[in-house]
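> Requesting a structural model of the entry that follows:
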Amino acid sequence: MPCESPGPLSLRVDVLSSLACSRLAKEGLTRALEILLHTQAWDFGVAWLGEDDYLRYAADCLSPHIEADAHRFQAFVESVRSRVRPNRFPQASLKGGGLCSCHSAACMAGCCWGGEPAEVGMQTALALPLARGGVVYGVIELFSRTPRDLDETSRQGLQVIANDLGKFLWSRRLETRARLRSARWEGARRTARLAYWECSISTGRLRAAMNMSEVLGVNPANLPTTLDEYLLLAPEEDRSALVAGLADLTNPSIGSIELEHRIVPHEEGERVVVVQGMADFDADGNVLNVSGTVQDITPYRRLEDRLRLAATAIDHAGDAIVIFDARGAIMSVNSAFTRITGYSEPEAQGQQLDELLNRPSGKHDESFFRRLLGRLRTYGRWKGELWARAKNGRGFAMLLSLSEIRDDKGRVSHHVGVFTDVSRQKEYKERLEVLALHDSLTGLPNRALFLDRGQQALSRATRNSLQIGVIFIDLDLFKRINDTWGHAVGDEVLRRAGERMRDAMRDCDTVARLGGDEFVVLLTDVKGVVSCIVAAERLLEVITEPYAVNGISVALGASLGIALSPQHGDEIRCLLHRADQALYSIKRNDVRRIAVWSPSIQEERAPVAEGLPSSNRSALRS
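As a prediction, this is how the structure comes out:
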């Protein structure tokens, strides 16, 4: 059974005592509800507090003397918590911010949350608004299963208690906010590695925040307590700047400092801090107070050092390095880029690399750049050779590597490109290819290149039902030139003979030197034996014209053998061999200088010279 209802003053004292013992708002509200329910014979109480103009559940209490219906009321409480709408509490129902006590279900619906209280047998509802400065920011609601009338004294007492609760809750809210702000500030200071300090200029004593030892990286027991002790933390070369800064701090015309210095020795190595301070002065310019902050900026300085080192390494790299934004616009370049292309960083910034260098070369079509971009987007990287044009118009080959850089969310934030000028390497490679596939004396293709071109021409001719011809040429009397005039004259005659033969043929034909005084010509797309004979006669004509070398007139003769595909063979080596056989047949007929291979030639040649090397055959013809 509920105890006898105490007077308003006693009830207020009990509520205030319970609030004084409570640290949290919910704890204080729950105790206040227990007292009200126990002493005022209410069956159920619930508290709501405003948050961003909405009322949120704060606490509730169920009277212990209704245990028989406890399960119904417990279900009602859970329903209140889950079904209440987060609307503003209808202040109009509180009759201008005062108490509201009634038996009407309609009023209960207005004062509370709907019809739930009446559904569980509640007959009376009482709303105690929690206000500050005339503004309602919460409400306590009491419910009873029996009709109740409150006299004026009770109403005034409850109103006073509601005001006390309002002040308590507001003060706790301010305290909570202050603690949160203090915790956030402390967290921010620790995150920023920042500590506060004060100094007495007259005594030189220092007073610092608790986290000063973390900022300075020293044991708390070894924290400096005077300016002199603090100066000892800095290396000797930094102390003069500190002393000068302190002098500026106490100068009324300056009154502030901001300087950076090191702290050594330190377990983690050298530490760097920045000291900021400000002084207050009286009307006579005397220092009243000096305070400021110390911030550990070691991580930032180390990061700056690493970035500076990386930037130096990039700038001194032999390869050109380009940083692009996500859209491919150039953001920065190194000195190698300027050296290779001639464009400075301001000239290149904002440009697309292909528009600046590659497209002006005219050696790549639009499809090439589409393929490049497609592979870069698909695989995140691309590497290859392409042509470019420098600022001065010089064309050069570049070996370019492109890569994507993605942020923490996996989105492309930048691109990096690295390229080098490979023009010299390509020229050297081409020279090696020329040396490997060309005759060093005449510059004509050698046997290897001739066989390669011949096989390709033969394949094309087979596919298109065409013919090719091979003319084997041997220079007559060449050994006498070497013996009579020397090898220098002989070499010059060979060079000029090669030039004459090359000039006499079409661009699609190939003139090659096999070695010594032997040459061979590949004729593509010929129209039978007649066209080959015409070409051979033209070659014979230009070869046998006299050569003027160092004032000497030198005459040459020549023998030419012809073979055609497909009638004489379907492989280039076979055609070359049979053209050589046709040439050898001329040895036994001095009248003819040109011969076309036939089976009869092979039968005549076999018993005489089969197996003789070409050098021996040349000796026979000379």
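> residue contacts, residue 302?
Residues near residue 302 by CB atoms under 8 Å, 6 or more residues apart in numbering: none. In this view, the C-beta of every residue, glycine as well, is placed from N, C-alpha and C.
> Tell me which residues of the strand or helix carrying it come out buried.
Using DSSP states H and E, residue 302 sits in helix 298-315. Residues of helix 298-315 classed as buried: 298, 301, 314 (neighbour count, 16 or more other CB atoms under 10 Å).
> My read is that the first one contacts residue 262, right?
Looking back up the chat, that one is residue 298. No: using CB atoms under 8 Å as the test, residue 298 is too far from residue 262 to be in contact (9.2 Å).
> shared neighbours, these two?
By CB under 8 Å, 6+ apart, the residues touching both residue 298 and residue 262 are 270, 271, 272, 273.
> how is this structure carved up into domains?
Domains of the chain are assigned by automatic domain parsing as 8-177, 193-301, 316-426, 438-621.
> can these go into JSON lines with extra columns for distance to residue 185 and mean pLDDT?
Formatted as JSON lines, these follow (distance: least, CB to CB, whole Å; pLDDT from 0 to 100):
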{"stretch": "domain 8-177", "distance to residue 185": "12", "mean pLDDT": "69"}
{"stretch": "domain 193-301", "distance to residue 185": "10", "mean pLDDT": "86"}
{"stretch": "domain 316-426", "distance to residue 185": "28", "mean pLDDT": "93"}
{"stretch": "domain 438-621", "distance to residue 185": "81", "mean pLDDT": "85"}
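> Let's have those in CSV, adding distance to residue 309.
Output for the domains of the chain, formatted as CSV (distance: least, CB to CB, whole Å):
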stretch, distance to residue 309
domain 8-177, 46
domain 193-301, 12
domain 316-426, 11
domain 438-621, 49
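> closest to residue 310 out of those?
domain 316-426 (10.6 Å; CB to CB).
> so how far is that closest one from its chain's centroid?
Distance of domain 316-426 from its chain centroid, counting by CA atoms, centre = their mean, to the nearest Å, is 16 Å.
> Endpoints of it, how far apart?
End-to-end span of domain 316-426 (CA to CA, to the nearest Å): 24 Å.
> do stretch 472-480 as well
21 Å.
> what comes into contact with it?
Contact with stretch 472-480 is made by 490, 493-494, 497, 501, 516-521, 539, 543, 555-563, 576, 579-580, 582-583, 617-619, 621-622, as judged by CB under 8 Å, 6+ apart.
> Weed out the non-buried ones from those residues.
Buried, going by 16+ other CB under 10 Å: 490, 493-494, 497, 501, 517-521, 539, 543, 556, 558-563, 576, 579-580, 582-583, 617-618, 621-622, out of the contacts of stretch 472-480.
> Out of those, list just those in helices.
Residues of the buried ones among the contacts of stretch 472-480 located in helices (DSSP state H): 490, 493-494, 497, 501, 539, 543, 576, 579-580, 582-583, 617-618, 621.
> Could you identify the most distant pair in those residues?
Maximum pairwise distance in those, criterion CB to CB, is 25.8 Å, between 490 and 582.
> And residue 436, how close does it get to residue 448?
Residue 436 sits 7 Å away from residue 448, going by CB to CB, to the nearest Å.
> what touches both of the two?
Shared contacts of residue 436 and residue 448 (CB under 8 Å, 6+ apart): none.
> need the shared contacts of residue 298 and residue 262 in a markdown table with distance to residue 153 and secondary structure, can you?
A markdown table is the format used below for the shared contacts of residue 298 and residue 262 (distance: CB to CB, whole Å; DSSP: H, G, I helix; E, B strand; the rest coil):
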| residue | distance to residue 153 | secondary structure |
| --- | --- | --- |
| 270 | 76 | coil |
| 271 | 70 | strand |
| 272 | 71 | strand |
| 273 | 67 | strand |
